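Asker: how would this look folded up:
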Amino acid sequence: MGYRINLSNANSIGKLIEGNVMSFLEQTFIDENYFEGNIKYIDDLLSDSNEDFISSNPRRFNLRRIDFNYEWRIVKEIMNSIYNELKENPDKRRLLKYNIRPEILNFFKDLSKLIGGYKYRYLLLPGFEDNEINNLLVSRDQLRRLLTIEVSESYLIIQLKNLPEKNDIQILDSFIHMDKAIERVDEWPAVLVWEKYAWNNTRGIFIPIEDIDDVRSIIDSHNYERNYFSYLQRHYGHRKTKKISQLIHLSDLHLGVEGEETKNLRLIEILKKHRRQTDSEIPMYPIISGDLVDSPTSKNVRLYQSFESQLESIGLANPISVLGNHDVHLKGFIRSNQDGKNILTNLVTRELITVVDKLKLIIVRFNSNIDGKWAQGKIGLDQLADIGNQLDRLVGKDDYYKIALLHHHPFEMERPNWMKKTWYEEILGHLNFDVEMSNILLDATTFIEWLNARNINFIIHGHKHIPKLFKRNDIDVVAGGSSTGKVDHMEDQKTFLTYNLINYDMEQFKPISSTIIFEDLIGSGTKNYQVQIY
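Answerer: Got it, this is the predicted structure:
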């Protein structure tokens, strides 16, 4: 069996194939794009004229399709009614699972058995460039050829209809194997292979490929390998197309907030799992863009020291950090606590330039706490001159890639729909005061001009607790959320515990992708992603 789908639907369809019907339905009702995309997928699947579903037993499939079509008309009408009600009353979304009627659940359970009843599943993942191998991976004719390979076990091939866009990968609550593909997105083209296995549903492998013959060999090898998955792991498990290191971007920890210890511990466990599941040969460099503590008291500084020790214990030693407004002022405003500030300043080195020779990388660390009301921040001309002098003194490093690291944001940050407004933003908003503009770095224009002059086109920052990947003024920006989930979420019991993963190519010596990874229900183990390819 073969399906052709859009990348935006791949994760939802993966859930349905795996039999996670409720999770599929919850994702379907998230927003208009998911709803319309998944409804269209079912419409196409059950259409007599659709060419995106290729069956090895068309007679059997067409007979089943007739039965499903009758039920689908009824189920779709109910789903449209539920969706329209949720649009009018978004608060009911949290009760969605109690409103899914039995006929909807039963329909999708039966459909899941029809489209997921194959032992081996192959998701073809083309790369982002317009070239021969990638175009073959999205070719309908090529899918038909692959489906002619005869093996003793049933198999399913899922193919994307089009080449993926570099800035159009967003995965919410990834199904159990999709994370393998997303966290190695730089190595597409590839094949994600997983097995329907009664005793262990985690048997999956991501395999980078060089040509279409690789795909044929992967499928065909089932005929002569008794332990197929063991063979794939042995033969392809260590295949890599790029030599990378990872910059692990954390931000706005706010250690010391009362009652938030659970979130702090959760972050450590998430990072520990990431390190464990990533190839041990891949070096990792932690970067923290400020607000290490909520207020610079001696007690909170000790909490940060303990946090650094925990990072070191999982292989993330010596974080490259800058201070935020909360690290130098009580509660982030103007009143200082000199003792705590001094201790923290000594912990976070005062060096403005960090050189990582192994990566041919220079991280320029800006202190953005010079001035600024409302926690606004400023760099200052003296600091720009000092950093310029230090860069000019570096010898033999003209070809090193440069990243600017600071706490405050030099560009306006739009509030995401999941984040509540603070009390003072509500008040100032009623007074027609532009809160977002007021929070931008005071000397943002000068700062950006300086970066352009120095050919620094990559910024890492924090401050607003809004994770975002974007490009502005020819500069790629990686904005950090709160890695310990210090946010006010629109939904009760929800959070946004997040870190950014920057893959750095150790042969081209530059960043090649950034990924926002977040958990919105603490401890749920769900992985949500937004990806930017450079």
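Asker: how does this structure divide up, domain by domain?
Answerer: Domain segmentation of the chain under automatic domain parsing yields 2-236, 244-533.
Asker: who's in contact with residue 163?
Answerer: Residues in contact with residue 163 (CB atoms under 8 Å, 6 or more residues apart in numbering) are 126, 127, 128, 130, 134, 135, 138. Bear in mind the C-beta positions are built from the backbone N, C-alpha and C, glycine included.
Asker: As a markdown table, those residues with secondary structure, pLDDT and distance to residue 520 would be great.
Answerer: Shown next, in a markdown table, are the contacts of residue 163 (DSSP: H, G, I helix; E, B strand; the rest coil; pLDDT from 0 to 100; distance: CB to CB, whole Å):
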| residue | secondary structure | pLDDT | distance to residue 520 |
| --- | --- | --- | --- |
| 126 | coil | 98 | 29 |
| 127 | coil | 96 | 30 |
| 128 | coil | 95 | 27 |
| 130 | coil | 95 | 35 |
| 134 | helix | 98 | 33 |
| 135 | helix | 98 | 37 |
| 138 | coil | 97 | 32 |
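Asker: Count the residues that sit near residue 216.
Answerer: By the criterion of other CB atoms under 10 Å, residue 216 has 13 neighbours.
Asker: before we move on, what SS does it have?
Answerer: Secondary structure, DSSP: H, G, I helix; E, B strand; the rest coil: residue 216 is helix.
Asker: Surely it is in contact with residue 147?
Answerer: No - taking contacts as CB atoms under 8 Å, residue 216 lies outside contact range of residue 147: 11.3 Å.
Asker: Looks like residue 519 contacts residue 528 (just checking).
Answerer: Yes - between residue 519 and residue 528 there is a contact under CB under 8 Å: 7.2 Å.
Asker: Compare these two (neighbour count), which wins?
Answerer: More crowded of residue 519 and residue 528, by other CB under 10 Å: residue 519, with 22 against 19.
Asker: Report the contact partners of the nearest residue to the more buried one once chain neighbours are set aside.
Answerer: Ranked by CB to CB, 6 or more residues apart in numbering and with sequence neighbours excluded, the top spatial neighbour of residue 519 is residue 497, at 4.8 Å. By CB under 8 Å, 6+ apart, the residues touching residue 497 are 263, 266, 267, 270, 482, 483, 484, 485, 518, 519, 520, 522.
Asker: Per-residue pLDDT of residue 198, please?
Answerer: Listed pLDDT for residue 198 reads 55.
Asker: where does the protein dip in pLDDT?
Answerer: 56-61, 91-95, 97-98, 197-202, 330-347, 349, 372-374, 418, 420-438, 490 (pLDDT under 70).
Asker: In the top helix by length along it, which residues are buried?
Answerer: The longest helix of the chain (DSSP state H) is helix 58-88. Neighbour-count burial for helix 58-88 flags 61, 65, 68, 71, 72, 75, 79, 82, 83, 86 (criterion: 16 or more other CB atoms under 10 Å).
Asker: Among these, which one sits closest to residue 227?
Answerer: Residue 227 lies nearest to residue 61 out of the buried residues of helix 58-88, by CB to CB, at 30.6 Å.
Asker: Pull the contacting residues for the closest residue to residue 174 other than its chain neighbours.
Answerer: Ranked by CB to CB, 6+ apart and with sequence neighbours excluded, the top spatial neighbour of residue 174 is residue 527, at 4.8 Å. Counting by CB under 8 Å, 6+ apart, residue 527 touches 171, 173, 174, 179, 517, 519.
Asker: Among the residues you listed, name the ones in strands.
Answerer: 171, 517, 519 (DSSP state E).
Asker: In CSV: the residues you listed, plus distance to residue 228.
Answerer: Shown next, in CSV, are these (distance: CB to CB, whole Å):
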residue, distance to residue 228
171, 27
517, 31
519, 33
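Asker: quick one: which of these is nearest residue 196?
Answerer: Closest to residue 196, out of all of these and judged by CB to CB, is residue 171, at 21.4 Å.
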